[in-house]
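1. Prediction below, plus the sequence it came from.
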Amino acid sequence: MNIADMRALLGLGPEISDVQVITRYGAWEQATTAASAAAAIAAVPDDPFAVANAVIFQSPGTVAAEYDDGEGDPLPIRIIRTRGTVDIPTPTTEWVADKDMAVIQRADVAKPVKGHRLFIGDDEVLIDGRPRLDLEGLNWLCEIIPVA
């Protein structure tokens with residue numbers, strides 16, 4: 001397997017060095033062979049969250065998608081599709097609403113933007129609202145709405 005294939009498999013962007021890609025791939029391979037994310041974390045102690053995150057995004061709980069920023073070909077990525085709640089402030093109160101969400105690895109998309117599209121199977125959705133970065137800086141939580 002070449003480095004480009006390793007990057008694609010782990011969802012790593014160009015900001016990650018080739019040496020780190022090889023190290024993370026070895027850890028990922030060990031973890032998947034042993035069916036243990038703990039092995040991957042132990043193999044790369046300097047960045048255990050990123051390794052565990054890469055393993056999670058290759059698991060059955062994720063789906064293939066394409067990220068389209070409107071410039072060039074859509075980028076193939078893996079996402080976690082979920083539902084979350086958002087607060088909607090009004091002049092007199094605050095409402096809580098359910099929203100469809102997509103979790104996107106920062107290694108795949110440096111900064112998702114409202115209005116960019118995701119193609120998830122036969123579904124086409126728009127990123128809505130302001131994407132929020134998780135505490136570790138690994139994943140973006142994006143509100144999504146169907147394209148009408």
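-> Arrived safely, thanks for sending. Residues are numbered from 1 along each chain as shown.
2. how close does residue 120 get to residue 20?
-> Residue 120 sits 29 Å away from residue 20, taking CB to CB, to the nearest Å as the criterion. Using the backbone N, CA and C atoms, a C-beta is placed for each residue, glycine as well.
3. Now do the same for the residue lying farthest from the centre of the chain: helix, strand or coil?
-> Relative to the mean C-alpha coordinate of the chain, counting by CA atoms, centre = their mean, the farthest residue is residue 92 (35.9 Å). Following DSSP: H, G, I helix; E, B strand; the rest coil, the label given to residue 92 is coil.
4. How much space separates residue 87 from residue 60?
-> Residue 87 sits 31 Å away from residue 60, going by CB to CB.
5. where in this structure is pLDDT low?
-> Applying pLDDT under 70 to the chain flags the ranges 1, 29-46.
6. try it again with 80
-> Along the chain, the parts satisfying pLDDT under 80 run over 1, 25-48, 51, 85-87, 148.
7. Do a quick rundown of the helices in it.
-> Using DSSP state H, the helices of the chain run over 3-10, 18-33, 37-43, 48-56.
8. circling back: out of residue 87 and residue 60, which sits in the busier spot?
-> The residue with more neighbours, out of residue 87 and residue 60, is residue 87; 8 against 5, by other CB atoms under 10 Å.
9. Now for the more buried one: which residues touch it?
-> Residues in contact with residue 87, defined by CB atoms under 8 Å, 6 or more residues apart in numbering, are 94-96.
10. mind checking how far it is from residue 11?
-> In this structure, residue 87 and residue 11 are 30 Å apart, going by CB to CB.
11. repeat for residue 21
-> 11 Å.
12. So between those two, which is more surrounded?
-> Neighbour count, other CB under 10 Å: between residue 21 and residue 11, residue 11 has more, with 22 against 19.
13. surely the more buried one meets residue 108?
-> Yes - applying CB atoms under 8 Å as the test, residue 11 and residue 108 come out as touching, 4.9 Å apart.
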